[in-house]
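# A structural model of the following input is requested.
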Amino acid sequence: MAPFDYQFPYRSQRMPVMARNMVASSQPLAVQAGVRILQEGGNAVDAALATAITLSIVEPTSNGIGSDAFALIWDGDGVRGLNASGRLPSAVNRSDYPGDEMPMFGWPSVTVPGAVSAWVAMSDRYGRMPFEKLFEAGIEYARNGYAVSPITARAWAAAPPEFRNEEGFHHFLPNGEPPKPGQWFQFPDQANTLEAIAKTSGDAMYRGELADQMVASSARNHWKLQRSDLEQHQADWVQPIHQQYGDIVLHEIPPNGQGLAALIMLGILGHRNIQQYALDSVDSVHLQVEAMKLAFADAYQYIADPDAVTIDLDDILSDDYLADRASLIDMHAAGNPSHGFPNRGGTVYLTTADQAGMMVSMIQSNYCGFGSGVVVEGTGISLQNRGAGFNLIPGHANEAAGGKRPFHTIIPGFVTRNGRPEMSFGVMGGSMQPQGHAQMIIRIYDYGQNPQTASDAARWRVLEDNQLHLEDGFDQHVAKELEKRGHVLATNTPDEAFGFGGAQLIYRPDDQLYIAASDHRKDGMAAGY
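Residues are numbered from 1 along each chain as shown. As a prediction, this is how the structure comes out:
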């Protein structure tokens, strides 16, 4: 293998991709799987599922067979939402977490994996191709291998050292080490698992031999996942929530997803006329950051399992409430806001579109890299660590409890205008996701940037302690002026390489064409025909 440097120090200057059928994701092999399905007669949902299934194999550093998934689908009549997130095992209780914070890794961080249920539900409702057909590429790469791509190899090398002590993780360390860029990797157990899921339409995962193996692994590791937790899991079709922004509407999955934060931010900005400030100016960035802080303050207080949410979403998205929150922004000083009081009542992203007009916005995630670090022996199922999204604050809507869904970072986005589909998009990457959604909307709809330019531009992100992290590419004058206004600029954050997320976008300018973009921060691409 040639000893190339894969750092790529030069700024991306990718061109948008234009075609009548389109797939965009963070892995070229997965994109090709989706395009192939479209060419063989499948629709956008079939292509999305083939892409997602393949991603579970070729980008294990972000998702896997044991992930969760959310989706937004334009089916010709409207935007439909799917929440396929899992719950904590029903037997778990507060005494299982003796500390003050949820564990990040290991079996105590595991929730029931939901991605497979999303594959089944989407195929049953909208698919045109046989379910088994969608697994062919994923099975091929799992059984016979693939060359690990450079950015994925970097994420692989960043896996926590303690994962070596978790069940089955050694399978992701050939010869005891993470694979290098271009190194061939194969995991035949995953191929067998995908075959079992395909042949049984998902039953093997929740009611068959794979369910038994997950329960046995839990028991070996002294945890509480039971067969009934898997049998009772289901993906739920949900009504998306939305926010008008100018003459467009942004649609998001309702809580337990954090899409609400993007809607709140845009709703606040709707009262502040950001277009009066120049693109990437101090005032423009300051206003966006302050709106995001306000949105996060509410999001972290109120987003939880849908059955535990303590507010009426119509109230928190009401024009009066958002106007009140907007009035709190001081254009000359950084704030440190707390949540308001409305009236009470880590990830792969992909998007597809077909020439008939169907569009899919889908996200699938382990949460933190490889997730919990647990890989169920004999199956290749790497289990997510979504349980870490709970807190242990007594009485909080998002307090950990058996049978609950946690606060979820993964969110697909979708834009309509006058009841017509216009853009399917997402920005993977933990708390960066609602921030990325808002930044894509602002760049495209307020400042007129094309989707690829909007993706390529330097990003900002608000950290959990309200520090501000600016990606390389912002003018130093802007950074200095932001500091003068009281913003604390973060430097040398541990996830520098991945913290600003990865965008995939498909924009529909008319009924005959799509314009797609894929983020240079990932290994992926957009392709169509």
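# contacts, neighbours, all on C-alpha from now
Will do.
# which sections of the stretch 1-150 of the chain are below the confidence cut-off?
Using pLDDT under 70 as the threshold, the predicted model of the stretch 1-150 of the chain has low-confidence ranges 1-10.
# would you list every one of the helices in it?
28-39, 44-58, 115-126, 136-144, 150-157 (DSSP state H, counting those that start in this stretch).
# ranking these by burial, who's on top?
Comparing those on average neighbours per residue, with mean count of other Cα atoms under 10 Å, the densest one is helix 44-58 at a mean of 30.
# Which residue ranges make up each domain of the protein?
For the chain, the structural domains run 17-237+348-389, 240-345+410-501, going by automatic domain parsing.
# quick one, which of those domains is nearest to residue 398?
Distances from residue 398 to each of these were compared by Cα to Cα, and the smallest falls on domain 240-345+410-501, at 4.7 Å.
# so how far is the first residue of that closest one from its last?
When the termini of domain 240-345+410-501 are compared using Cα to Cα, to the nearest Å, they are 23 Å apart.
# follow-up on the earlier one: lowest-confidence stretch among the domains of the chain?
Set side by side, the domains of the chain give their lowest mean pLDDT on domain 240-345+410-501, at a mean of 90.
# Using JSON lines, lay out the helices of the stretch 1-150 of the chain together with distance to residue 102.
What follows is those, written out as JSON lines (distance: least, Cα to Cα, whole Å):
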{"stretch": "helix 28-39", "distance to residue 102": "33"}
{"stretch": "helix 44-58", "distance to residue 102": "26"}
{"stretch": "helix 115-126", "distance to residue 102": "23"}
{"stretch": "helix 136-144", "distance to residue 102": "33"}
{"stretch": "helix 150-157", "distance to residue 102": "23"}
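# Figure out which of the ones you listed is closest to residue 227.
If we rank the helices of the stretch 1-150 of the chain by Cα to Cα, the stretch that ends up nearest is helix 115-126, at 15.6 Å.
# which helices and strands does the closest one pack with?
helix 44-58, strand 68-74 (3 or more Cα pairs under 8 Å, 6 or more residues apart in numbering; DSSP states H and E).
# Mind jotting down where the strands sit in the stretch 301-450 of the chain?
Counting by DSSP state E, counting those that start in this stretch, the stretch 301-450 of the chain has these strands, from start to end: 348-353, 359-365, 375-376, 381-382, 413-417, 420-428.
# hmm, who's touching the third one?
Applying Cα atoms under 8 Å, 6 or more residues apart in numbering, the external contacts of strand 375-376 come out as 166, 167, 168, 169, 213, 214, 217, 381, 382, 383.
# between the residues you listed, which is nearest residue 235?
residue 383 (17.3 Å).
# Show me what the closest one is bridged to.
Following DSSP bridges, residue 383 is listed with bridge partners residue 66.
# Next, count neighbours for it.
Counted by other Cα atoms under 10 Å, the residues lying close to residue 383 total 30.
# next one: residue 247
The local packing of residue 247 (other Cα under 10 Å) involves 9 other residues.
# One more: residue 382?
As a burial measure, residue 382 scores 29 neighbours (other Cα under 10 Å).
# That one contacts residue 61, doesn't it?
No: checked against Cα atoms under 8 Å, the pair residue 382 and residue 61 is beyond contact range at 9.9 Å.
# Give me the common contacts of these two.
The contact sets of residue 382 and residue 61 overlap at residue 370 (Cα under 8 Å, 6+ apart).
# what pairs with the closest residue to residue 174 other than its chain neighbours across the strands?
Of all residues not flanking residue 174 in the chain, residue 185 sits nearest, at 7.9 Å (Cα to Cα, 6 or more residues apart in numbering). Assessed by DSSP bridges, residue 185 has beta-bridge partners residue 146.
# Show the contacting residues for residue 185.
145, 146, 147, 148, 174, 179.
# of those residues, closest to residue 433?
Closest approach to residue 433 among those (Cα to Cα): residue 148, at 25.1 Å.
# Enumerate the helices of the stretch 151-300 of the chain by residue range, in sequence order.
Counting by DSSP H, counting those that start in this stretch, the stretch 151-300 of the chain has helices at residues 188-199, 203-207, 209-220, 227-231, 259-269, 282-302.
# Buried deepest among these, which one?
Ranked by mean neighbour count under mean count of other Cα under 10 Å, those are led by helix 259-269, which reaches a mean of 28.
# Can you check what angle separates it from strand 413-417?
An angle of 40 degrees separates the directions of helix 259-269 and strand 413-417 when computed by axes from the mean of the first three to the mean of the last three Cα atoms, to 10 degrees.
# ok, back up a step: and of the domains of the chain, who's closest to residue 517?
Once Cα to Cα is applied to these, the stretch that comes out nearest is domain 240-345+410-501, at 4.7 Å.
# Please compute how far the closest one lies from its chain's middle.
16 Å (Cα atoms, centre = their mean, to the nearest Å).
# can I assume residue 425 is in contact with residue 351?
Yes: with contact defined as Cα under 8 Å, residue 425 and residue 351 form a contacting pair (6.5 Å).
# Just give the nearest non-adjacent residue to residue 253, would you?
For residue 253, ignoring the flanking residues on the chain, the nearest one in space by Cα to Cα, 6+ apart is residue 240 at 5.0 Å.
# Tell me how many other residues surround that neighbour.
Each residue near residue 240 was counted by other Cα under 10 Å, and the total is 20.
# now do residue 407
When neighbours are counted by other Cα under 10 Å, residue 407 comes out with 28.
# Over to the one 5 residues further on?
Here the number of neighbours of residue 412 (other Cα under 10 Å) works out to 32.
# same question, residue 67
Here the neighbour count serves as a burial measure; for residue 67 (other Cα under 10 Å) it reads 30.
# Equivalent analysis for the one 3 residues further on, please.
Using other Cα under 10 Å, residue 70 is surrounded by 27 other residues.
# Test my guess that it contacts residue 351.
No: no contact is recorded between residue 70 and residue 351 when judged using Cα under 8 Å, the distance being 11.9 Å.
# So for the two, which residues contact both of them?
Common neighbours of residue 70 and residue 351, using Cα under 8 Å, 6+ apart, are residue 362.
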